[in-house]
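[1] Build me a model from this:
(chains A and B)
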Amino acid sequence: NAGVTQTPKFQVLKTGQSMTLQCAQDMNHNSMYWYRQDPGMGLRLIYYSASEGTTDKGEVPNGYNVSRLNKREFSLRLESAAPSQTSVYFCASSDAPKKGAFFGQGTRLTVV
Amino acid sequence: RKEVEQDPGPFNVPEGATVAFNCTYSNSASQSFFWYRQDCRKEPKLLMSVYSSGNEDGRFTAQLNRASQYISLLIRDSKLSDSATYLCVVTPSNDYKLSFGAGTTVTVRA
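    Now for the predicted structure:
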């Protein structure tokens, strides 16, 4: 029972490099989310996808792009990484808002 | 004003004690409420939903006060394994976004 799987688990980037964080869920959930978590700030929503084919900005979308590739997969892309994007990134999925969401194990990203 | 606010704590309690803490939310149209638990360097995990009538899951009791716009979590007979950060989560009406509080840290000591 994999649930939500994120890759990679750890990554170090140089400023200006690009990368894509991958997320896949096997629970047939409609909604998927990308959050970042920084010390003392809690989880902040970057982008979400309420259903396949739709994406919407969250609280902190600048510097990121997303793709809802299909119902299972939701990727997050950093086009030109900046040190301010050093964070822990969590992907989550949900069947419906009233049911809460389930999280992947996170990606620890450091931008130097 | 933040959408969801929590007392960061830490709450340091001995084993067997009862600990309780609240979370306030700013959007009166919020419809769904949850408590999540997050262990150090791990992902958040759903602890329990919070219903209007209040609900209990073993040693954990959650309450919702819509008039004052807060939810609460009470942990009875605390165990060492209850040490974690507890995150309050709120979902506005007809919206798929989940808004997280910054968390309340609980440390249970032997």
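[2] residues in chain A within reach of chain B, list them.
    The interface of chain A toward chain B, taken as Cβ under 8 Å from any Cβ of the partner chain, is made up of A:31, A:33, A:35, A:40-45, A:48, A:50, A:58, A:90, A:92, A:94, A:97-106. The C-beta positions use only the backbone N, C-alpha and C, and glycine is treated the same way.
[3] which among those residues end up buried?
    With neighbours counted using 16 or more other Cβ atoms under 10 Å in any protein chain shown, the residues of chain A next to chain B contain these buried positions: A:31, A:33, A:35, A:42-45, A:48, A:50, A:58, A:90, A:92, A:94, A:97, A:100-106.
[4] and stretch B:72-90, how far from the chain's centre?
    Taking Cα atoms, centre = their mean, to the nearest Å, one finds stretch B:72-90 lying 7 Å from the centre of the chain it belongs to.
[5] Tell me, how many residues neighbour B:Pro10?
    A count of neighbours around B:Pro10, defined by other Cβ atoms under 10 Å in any protein chain shown, yields 12.
[6] brain fart, B:Ser30
    The number of residues packed near B:Ser30 is 20, by other Cβ under 10 Å.
[7] residues contacting it?
    B:Ser30 sits next to B:69, B:90-93 when contact means Cβ atoms under 8 Å, 6 or more residues apart in numbering or on different chains.
[8] those strands in the chain, which residues are they?
    Answering for chain A, as no chain was given. Assigned strands in chain A, in chain order: A:4-7, A:10-13, A:19-25, A:31-38, A:42-49, A:56-57, A:64-68, A:74-78, A:87-94, A:102-103, A:107-111 (criterion: DSSP state E).
[9] not what I meant, chain B
    With DSSP E as the criterion, chain B has strands spanning B:4-6, B:11-14, B:19-25, B:30-38, B:45-50, B:55-57, B:60-65, B:70-75, B:84-92, B:99-100, B:104-109.
[10] ok, and the closest non-adjacent residue to B:Ala110?
    B:Glu15 (5.8 Å; Cβ to Cβ, 6 or more residues apart in numbering or on different chains).
[11] Look at that neighbour and say how many residues are nearby.
    Taking other Cβ under 10 Å as the criterion, the count of residues near B:Glu15 is 12.
[12] does it really touch B:Arg109, like I thought?
    Yes. At 7.1 Å, B:Glu15 counts as touching B:Arg109 under the criterion of Cβ atoms under 8 Å.
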